[in-house]
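S.K.: show me how the following folds:
(one chain, ligands or ions: 2)
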Amino acid sequence: MKFSYVSHLHCPKCNQKYDAREKQQLCECGSPLLVAYHLDELKKEFTPELLTKREANLWRYHEILPVEHEENVVSLGEGMTPLIAMPRIGEDMSISNLYMKDEGIIPSGSFKARGAAVGVSKAKELGIEELAMPTNGNAGASWALYAARAGIKSSIVMPVNAPKITRNECAVSGSNLYLVNGLISDAGKIIGQAVNDFSLYDASTLKEPYRIEGKKTMGLEIAEQLNWEMPDVILYPTGGGVGLIGIYKALTELQYLGWINGRLPRLVAVQAAGCAPIVKAWEEGKSVSEFWPDSSTIAFGINVPKALGDFLVLDAIYKTEGCAIAIEDQSLLAEQQKIAAIEGAFICPEGASTFVAARQLREKGWIKDGEKVITLNTGAGIKYPDTVQVEVPILQPGDRIRKNTNSLSKK
Ligand SMILES: Cc1ncc(COP(=O)(O)O)c(C=O)c1O
Ligand SMILES: [Zn+2]
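M.R.: Ligands and ions are numbered 1, 2, ... in the order given. Next up is the predicted model:
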């Protein structure tokens with residue numbers, strides 16, 4: 001068997017095909033490109049049993065990843081993150097079958113490592129020597145680190161308000177890092193200029209085709225971890241929406257291979273009330289979103305006022321009969337604390353938004369009794385220390401402490 005069954009790139013808007021062995025960015029029509037595989041060929045030879053002896057990382061799915069030669073794989077051991085039962089918070093929101101896919105324990109502390117591992121590996125295979133990208137923090141951190149491992153130079157621009165630790169991750173990896181007084185869309189314009197000025201590989205969200213393939217592995221893993229039985233609902237914190245597009249792509253590929261059957265899970269795009277362009281478009285039944293002015297949210301990774309792949313996100317929601325929902329910052333912060341206090345998981349604010357969404361959709365009856373529901377925690381809470389305000393008493397040697405009267409941890 002071959003290492004990869006990659007066939008070509010195709011445009012989901014105008015159907016034009018491109019060679020996956022050449023450097024490609026967007027389609028001529030401006031749309032992101034998607035990777036196609038020889039699934040018919042693969043169907044004959046590829047079986048779930050083949051996976052059982054492989055290492056517990058995302059490269060176990062190499063046949064349906066775009067890297068053709070194993071020596072180009074740049075890995076820090078990413079993937080196969082746990083799918084954890086969340087019975088106590090589940091009970092609290094009347095969802096008896098609640099699970100969290102925990103991306104907080106992956107290299108660089110967020111699921112962005114998946115897109116970076118696959119994207120950088122493919123960049124290496126294509127002979128790229130220097131890449132550039134705008135970021136809300138986590139993606140830049142992951143790409144800077146994986147690029148360093150691959151010996152590829154990186155230039156990164158992020159908003160000044162992005163989580164501070166992500167600056168350090170870029171800086172420590174030797175990236176050419178800048179902060180911008182503005183949003184990711186402003187960073188994007190600056191990177192666009194640099195890409196033109198210095199002929200760099202543009203690794204912006206969806207401007208190279210391979211990040212989706214990395215994020216797709218979340219969907220492959222969820223399916224494998226559930227023994228190829230589909231859950232009812234998957235909730236995803238949606239900024240650029242790459243993860244949601246990727247999960248949908250993964251599931252349709254698995255369907256084609258015959259590894260999963262029946263209905264696909266309803267995909268839910270969770271956004272912040274202060275930046276909800278996909279939610280607005282979905283509520284209006286539209287197929288593309290509009291730029292969301294003056295966006296702001298504490299869940300920084302989902303502060304994306306206009307996503308290039310919005311039409312793909314909306315398509316995945318419509319096709320799976322999912323929905324889109326916006327969450328207030330104060331609700332997700334309260335949920336973040338509650339989850340840590342009753343489940344012991346310190347998750348990121350973006351991840352917390354998916355739990356609030358599950359809670360609200362259950363209250364509305366959209367999530368039904370007994371349904372299997374999966375939330376995505378896309379990063380580690382420890383990357384966002386400022387979301388937790390603490391007042392800790394300082395003792396003098398010999399002082400005494402009080403008994404724990406905290407009501408949440410008793411539940
Ligand atoms: C922690 C976290 N969650 C979610 C997202 C949104 O990711 P996507 O572009 O796949 O919508 C980001 C993006 O920066 C992020 O950092
Ligand atoms: Zn096109």
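
S.K.: most centrally placed residue in this protein?
M.R.: Closest residue to the average C-alpha location of the chain: Gly243 at 4.1 Å, with Cα atoms, centre = their mean.

S.K.: Leu34 and Thr252 touch, don't they?
M.R.: No - the criterion here is Cβ atoms under 8 Å, and Leu34 misses it with Thr252 at 10.8 Å. Bear in mind the C-beta positions are built from the backbone N, C-alpha and C, glycine included.

S.K.: so what's the residue count around the one residue in the chain that gets nearest to ligand 1?
M.R.: Closest residue of the chain to ligand 1, Cβ to the nearest ligand atom: Gly301 (2.3 Å). Gly301: 32 surrounding residues under other Cβ atoms under 10 Å.

S.K.: the one 5 residues further on now?
M.R.: Neighbourhood size, Lys306 [other Cβ under 10 Å]: 18.

S.K.: just to be sure, it is in a strand?
M.R.: No - with DSSP: H, G, I helix; E, B strand; the rest coil as the criterion, Lys306 is coil rather than part of a strand.

S.K.: for the stretch 251-400 of the chain, which segments count as strands?
M.R.: 266-272, 323-327, 372-377 (DSSP state E, counting those that start in this stretch).

S.K.: now those in TSV, with mean neighbour count and distance to ligand 1?
M.R.: Formatted as TSV, those follow (neighbours: other Cβ atoms under 10 Å; distance: least, Cβ to the nearest ligand atom, whole Å):
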stretch	mean neighbour count	distance to ligand 1
strand 266-272	28	8
strand 323-327	24	12
strand 372-377	27	8
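
S.K.: would TSV of these with mean pLDDT and distance to Ser296 be doable?
M.R.: Converted to TSV, the strands of the stretch 251-400 of the chain look like this (pLDDT from 0 to 100; distance: least, Cβ to Cβ, whole Å):
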stretch	mean pLDDT	distance to Ser296
strand 266-272	98	8
strand 323-327	98	13
strand 372-377	98	22
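
S.K.: and the ones you listed as TSV, adding distance to ligand 2?
M.R.: Formatted as TSV, these follow (distance: least, Cβ to the ion, whole Å):
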stretch	distance to ligand 2
strand 266-272	23
strand 323-327	25
strand 372-377	29
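
S.K.: can you redo the ones you listed as TSV with distance to Arg167?
M.R.: Output for the strands of the stretch 251-400 of the chain, formatted as TSV (distance: least, Cβ to Cβ, whole Å):
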stretch	distance to Arg167
strand 266-272	22
strand 323-327	26
strand 372-377	22
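
S.K.: re the thing from before, contacts only, for the residue of the chain closest to ligand 1.
M.R.: By Cβ atoms under 8 Å, 6 or more residues apart in numbering, Gly301 lies in contact with 110, 136-138, 237, 239, 348, 350, 378-379.

S.K.: if we check ligand 1, which of these are in contact?
M.R.: Applying Cβ under 6 Å from any ligand atom to those, one finds that 110, 136, 138, 237, 239, 348, 350, 378-379 fall near ligand 1.

S.K.: show me which of the residues you listed is closest to Ile327.
M.R.: Closest approach between the ones next to ligand 1 among the contacts of Gly301 and Ile327, by Cβ to Cβ: Pro237, at 9.1 Å.

S.K.: so Leu33 sits against Pro209, correct?
M.R.: Yes - Leu33 lies in contact with Pro209 (Cβ under 8 Å); the separation is 4.3 Å.

S.K.: now list whatever residues contact both of these two.
M.R.: 9, 24.

S.K.: tell me which of these two has more neighbours.
M.R.: Leu33 (25 against 22).

S.K.: contacting residues around the more buried one?
M.R.: Leu33 touches 9-11, 18, 24, 26-27, 209, counting by Cβ under 8 Å, 6+ apart.

S.K.: now the residue of the chain closest to ligand 1: how far from Glu103?
M.R.: 11 Å (Cβ to Cβ, to the nearest Å).

S.K.: need the overlap of contacts for those two.
M.R.: 110, 378-379.

S.K.: can you say which of these are buried?
M.R.: 110, 378-379 (16 or more other Cβ atoms under 10 Å).

S.K.: around ligand 1, pick out the residues from the protein.
M.R.: Counting by Cβ under 6 Å from any ligand atom, the chain comes close to ligand 1 at 110, 112, 136, 138-139, 205, 237-243, 301-302, 348, 350, 378-379.

S.K.: low pLDDT regions in the stretch 151-300 of the chain?
M.R.: Within the stretch 151-300 of the chain, no stretch has pLDDT under 70.

S.K.: show me what contacts the residue nearest to Leu145 when sequence neighbours are not counted?
M.R.: Closest residue to Leu145 apart from its sequence neighbours, by Cβ to Cβ, 6 or more residues apart in numbering: Ser173 at 4.8 Å. For Ser173, the contact set (Cβ under 8 Å, 6+ apart) comprises 144-145, 147-148, 154.

S.K.: how about JSON lines for those residues, with distance to ligand 2 and neighbour count added?
M.R.: What follows is the contacts of Ser173, written out as JSON lines (distance: Cβ to the ion, whole Å; neighbours: other Cβ atoms under 10 Å):
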{"residue": "Ala144", "distance to ligand 2": "30", "neighbour count": "31"}
{"residue": "Leu145", "distance to ligand 2": "32", "neighbour count": "26"}
{"residue": "Ala147", "distance to ligand 2": "28", "neighbour count": "30"}
{"residue": "Ala148", "distance to ligand 2": "33", "neighbour count": "18"}
{"residue": "Ser154", "distance to ligand 2": "27", "neighbour count": "26"}
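
S.K.: out of the residues you listed, flag the one nearest to Arg60.
M.R.: Once Cβ to Cβ is applied, the member of those that ends up nearest Arg60 is Leu145, at 21.5 Å.

S.K.: and that closest one, that's in a helix?
M.R.: Yes - the assignment for Leu145 by three-state DSSP puts it in a helix.
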